[in-house]
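K.L.:
missing the sequence, but the structure's below:
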C-alpha cells in the first residue's frame with residue numbers, strides 16, 4: 001500500500017499513525033501548526049477505555065509515564081456535603097488506570113513515540129484541497145507542496161477542513177450552553193493526588209491536587225457563548241473575578257482555589273453530532289472531525305484513541321478502503337453518539353435553577369465485552385451488518 005496521508009497531528013492523528021504502523025501500513029502525519037511546542041492549555045483525563053486502546057498499540061507506558069494516575073472520584077454538593085466516593089475505572093490494573101495530563105502533554109508523548117518509531121510528522125502543512133483519483137488520493141497544501149497516498153484520514157479536529165471538503169453541507173459545531181474555565185493554582189487545599197474531587201454547585205467544578213502540590217481545576221458554567229474577541233482578549237484577572245463571584249457564597253474550597261490561580265483559560269463548549277458523511281471513496285474523518293462531545297463526560301481523548309485502533313484494525317482486516325471504512329463506521333457510530341448524547345444532557349441547564357442539571361444515567365452504548373473485542377488487537381473485526389455513509 002502507498003503511504004496513508006493523515007491530516008492532523010493531534011491525539012487522533014498520531015495515535016492512528018501508530019496503530020497503522022502496527023497493522024503493517026505506512027503513514028505520514030501532516031500538521032497545520034508550524035511548531036512542535038504548543039501551549040500547555042487545558043488538561044484532560046484519560047479513562048480506562050482510552051488507556052486500553054493505547055495498550056493495543058504499545059503506547060500506554062509512555063502515556064502513563066507522562067500522566068499520574070487517578071483511582072477515586074469524590075463528589076460533594078454546593079454545601080460541601082459529600083454525596084459519593086467511587087472508584088475510577090479499572091484502577092487495580094496499572095495499565096488501565098485513569099490518567100491526567102495536559103492536552104499538549106499527551107500530544108507530545110504520542111508524537112515523540114511516533115518519531116521514535118520512524119513515523120514522519122511534517123509541520124506547517126495547512127490542507128487546502130483533496131483530489132481523489134483512480135487508485136489514490138492527493139492532498140494539496142498552502143505552501144504549494146502535495147502528498148499522495150492510497151487513502152487520506154482527516155483527524156483535524158472540530159473545525160475540520162477534511163470534513164468540509166468531503167461534504168460541504170456537513171453540520172457545524174453546536175454551542176452546548178456552557179463556558180469552560182481551566183486553571184492552575186497554588187495549592188490551598190489538601191487532597192490525595194490520585195483523587196478527582198468534584199463539586200456540583202453553582203458550577204460543575206472539579207480539581208486535582210497534583211503530586212507537586214499544585215491544583216489543576218476546571219469549572220463548567222451555564223452562560224451565553226463568548227464571542228471570539230472576548231476569548232482572545234480575556235485575562236486571568238478577569239476570569240478569576242467572574243468565576244470567584246459565582247462560587248464565593250458556597251461552603252466549598254472552589255472560590256479559594258480560583259483566587260489562588262496563576263493562570264486561567266476559558267473556552268466555549270461545543271459538540272458535533274449526526275455528521276451524515278464520515279467517508280467518501282478514499283477519504284475518511286475520525287475523532288472530533290467526525291463526532292465531538294462537550295467535555296462533560298471527559299471522554300473526548302479516549303474516544304479518539306478508540307477510533308485509532310478500530311480504524312487500523314478495519315484497514316488491516318478488509319481488502320479495500322470502502323469495506324474498511326464501512327466496517328469502522330458501523331462499529332463506531334452508536335458508541336460515539338451515545339457519548340455525545342450523555343455529555344449534552346450533562347451540559348444542559350436546569351430550567352428551575354439556571355445551572356447544570358444533575359448527571360443522568362449512562363446513555364446506552366455497546367456492551368463492555370463488545371468494546372473489549374473491538375479494541376483487542378488479536379481479535380478480527382466482525383463484518384458490518386449494515387453500512388451508512390457514502
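P.N.:
Done, it's in. All values reported here derive from a predicted model rather than from experimental measurement.
K.L.:
stretch 48-64: end-to-end distance?
P.N.:
Its first and final residues considered, stretch 48-64 spans 12 Å by C-alpha to C-alpha, to the nearest Å.
K.L.:
list the buried residues in it.
P.N.:
48-57, 59-60, 63-64 (16 or more other C-beta atoms under 10 Å). For the C-beta atoms, the positions are set from N, CA and C on the backbone; glycine is no exception.
K.L.:
mind listing the strands for the stretch 201-350 of the chain?
P.N.:
204-209, 214-222, 261-271, 279-280, 283-285, 349-350 (DSSP state E, counting those that start in this stretch).
K.L.:
give the contact list for residue 9.
P.N.:
Counting by C-beta atoms under 8 Å, 6 or more residues apart in numbering, residue 9 touches 29, 30, 31, 33, 107, 111, 121, 123.
K.L.:
wait, residue 375 touches residue 309, no?
P.N.:
Yes - Residue 375 is within contact range of residue 309, at 5.4 Å (criterion: C-beta atoms under 8 Å).
K.L.:
circling back to that earlier point, make a PyMOL selection of the buried ones in the contacts of residue 9.
P.N.:
When burial is assessed using 16+ other C-beta under 10 Å, the buried subset of the contacts of residue 9 is captured in PyMOL by this command:
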select buried, resi 29+30+31+107+111+121
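K.L.:
minimum pLDDT in the contacts of residue 9, which residue is that?
P.N.:
Within the contacts of residue 9, the minimum per-residue pLDDT falls on residue 33 (93).
K.L.:
pull the contacting residues for the closest residue in space to it that isn't next to it in sequence.
P.N.:
Excluding its sequence neighbours, the residue lying closest to residue 33 (C-beta to C-beta, 6 or more residues apart in numbering) is residue 123, at 6.4 Å. Going by C-beta under 8 Å, 6+ apart, residue 123 touches 9, 31, 33, 34, 35, 36.
K.L.:
cool, residue 249 as well?
P.N.:
residue 202.
K.L.:
in this structure, what helix or strand scores lowest on average pLDDT?
P.N.:
The weakest-scoring helix or strand in the chain, judged by mean pLDDT, DSSP states H and E, is strand 355-356 (a mean of 44).
K.L.:
am I right that residue 182 is in contact with residue 264?
P.N.:
Yes - counting by C-beta under 8 Å, residue 264 is a contact partner of residue 182 at 7.2 Å.
K.L.:
would you indicate which residues of whichever helix in the chain runs longest are buried?
P.N.:
For the chain, the longest helix by residue count, based on DSSP state H, is helix 321-347. Buried positions in helix 321-347, judged by neighbour count with 16+ other C-beta under 10 Å: 321, 323-333, 335-347.
K.L.:
any stretches of the stretch 201-350 of the chain with poor pLDDT?
P.N.:
Across the stretch 201-350 of the chain, the ranges flagged by pLDDT under 70 are 349-350.
K.L.:
hmm, try it at 80
P.N.:
When residues are selected by pLDDT under 80, those of the stretch 201-350 of the chain lie in 348-350.
K.L.:
in the stretch 1-150 of the chain, what residue spans correspond to strands?
P.N.:
Ranges of strands in the stretch 1-150 of the chain, per DSSP E, counting those that start in this stretch, are 4-7, 27-30, 43-46, 69-70, 72-77, 82-87, 98-102, 121-122, 127-133, 136-141, 146-149.
K.L.:
among these, which comes closest to residue 204?
P.N.:
strand 72-77 (10.5 Å; C-beta to C-beta).
K.L.:
most distant residue from the middle of this structure?
P.N.:
Among the C-alpha atoms of the chain, the one farthest from their average position, using C-alpha atoms, centre = their mean, is that of residue 134, at 33.7 Å.
K.L.:
related to what we said a few turns ago, between the buried residues of stretch 48-64, which is nearest residue 93?
P.N.:
Using C-beta to C-beta, the buried residues of stretch 48-64 come closest to residue 93 at residue 48, 8.1 Å.
K.L.:
residue contacts, the residue nearest to the closest one when sequence neighbours are not counted?
P.N.:
Excluding its sequence neighbours, the residue lying closest to residue 48 (C-beta to C-beta, 6+ apart) is residue 89, at 3.3 Å. Going by C-beta under 8 Å, 6+ apart, residue 89 touches 47, 48, 49, 96, 97, 98.
K.L.:
could you single out the nearest of these to residue 215?
P.N.:
Nearest to residue 215 among the contacts of residue 89, with distances taken as C-beta to C-beta, is residue 98, at 17.6 Å.
K.L.:
count the neighbours of the closest one for me.
P.N.:
26 (other C-beta atoms under 10 Å).
K.L.:
break the chain into its domains for me.
P.N.:
With domains defined by automatic domain parsing, the chain comprises 4-69+93-173+272-375, 175-270.
K.L.:
and of the ones you listed, who's closest to residue 76?
P.N.:
Closest of these to residue 76 is domain 175-270, at 5.2 Å (criterion: C-beta to C-beta).
K.L.:
what's the spacing between the closest one and its chain's center?
P.N.:
19 Å (C-alpha atoms, centre = their mean, to the nearest Å).
K.L.:
same thing with stretch 311-320?
P.N.:
With C-alpha atoms, centre = their mean, you get 23 Å for stretch 311-320.
K.L.:
who's in contact with that stretch?
P.N.:
Residues from elsewhere that reach stretch 311-320 (C-beta under 8 Å, 6+ apart): 16, 19-20, 22-25, 57, 151, 153, 284, 286, 321, 324-325, 327-328, 331, 374, 377, 380-381.
K.L.:
swap the cut-off to 6 Å and go again
P.N.:
19, 20, 23, 286, 324, 327, 328, 380, 381 (C-beta atoms under 6 Å, 6 or more residues apart in numbering).
K.L.:
for it, which positions count as buried?
P.N.:
So stretch 311-320, judged by 16+ other C-beta under 10 Å, has buried residues 311, 312, 313, 314, 315, 316, 317, 318.
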